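Student: coords please:
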Amino acid sequence: MHHIQRLGYIAATLILLQILPSQIAVRPLGNEVARGQTTEQRRDKAIRLNKLGVQQLNKGEYQEALKTFEQALAIIKQIGDKAVEGITLYNIGGVYHSLGEYPKALLHLQQALTIRKKIGDKAGEGITLNGIGGVYHSLGEYPKALLHYQQALAINKQIGDKISESDSLNNIGVAYYSLGKYPKALLHLQQSLAISKQIGDNLGCCGWH
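Tutor: Next up is the predicted model:
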């Protein structure tokens, strides 16, 4: 019955990876960060590992994805790239959420949120707030979920991200539904649907998933 985070960890991560400033080349993955590699090469490898981890997560290969993301995190911490570190922590949180390990999911998502706030990544901040809300929703803590969804909505409106705004409205509607506040749920779900139709987002057309 719950239709939470339509964009999801996978698509959200891919969007953020696409807007990182360096171009990503597809090259074979090595075992570890080799000595003599430049910072840019290490960063590229961490990004490739994140993309691989996203593919594994999409296939339901959660343990494999976790190992891949942790390898990326180890590399990115060595070079201190906070943008990619935020993405990687978010992805790890997504794996733990999928595994039902909610305290670990919250820990990593909160770490990602802290980093994204610090570096001024508003888009990432909004996505992470939605992710945290999703974990609280899975825990049945609907007021906390609602709070984080509303914070995400405010950011998405501020930056003009219509897709994420629609996602946040959808999530708020689901939270109100879970709280038994059906008129408010209907209002927000209708607003989400209206935006989805406006921007041609077919993911928002089909009701509950």
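
Student: Just the element for the residue lying closest to residue 182 once chain neighbours are set aside, please.
Tutor: Of all residues not flanking residue 182 in the chain, residue 176 sits nearest, at 7.5 Å (Cβ to Cβ, 6 or more residues apart in numbering). Bear in mind the C-beta positions are built from the backbone N, C-alpha and C, glycine included. Per DSSP states H and E: residue 176 is located in helix 162-178.

Student: From the contact counts, what lies against the helix or strand following that helix?
Tutor: Heading C-terminal from helix 162-178, the first helix or strand you meet, by DSSP H and E, is helix 182-199. In this structure, helix 182-199 packs against helix 162-178, with contacts taken as 3 or more Cβ pairs under 8 Å, 6 or more residues apart in numbering; DSSP states H and E.

Student: chain center to the helix it packs on: distance?
Tutor: 15 Å (Cα atoms, centre = their mean, to the nearest Å).

Student: just to revisit the earlier point, contacting residues for the residue nearest to residue 182?
Tutor: For residue 176, the set of contacting residues under the criterion of Cβ atoms under 8 Å, 6 or more residues apart in numbering consists of 146, 182, 184, 185, 188.

Student: How about residue 96?
Tutor: Shown in contact with residue 96 (Cβ under 8 Å, 6+ apart): 66, 102, 104, 105, 108.

Student: Tell me the spacing between the second one and residue 200.
Tutor: Taking Cβ to Cβ, to the nearest Å as the criterion, residue 102 is separated from residue 200 by 34 Å.

Student: Then the third one?
Tutor: Relative to residue 200, residue 104 is positioned 37 Å away (criterion: Cβ to Cβ).
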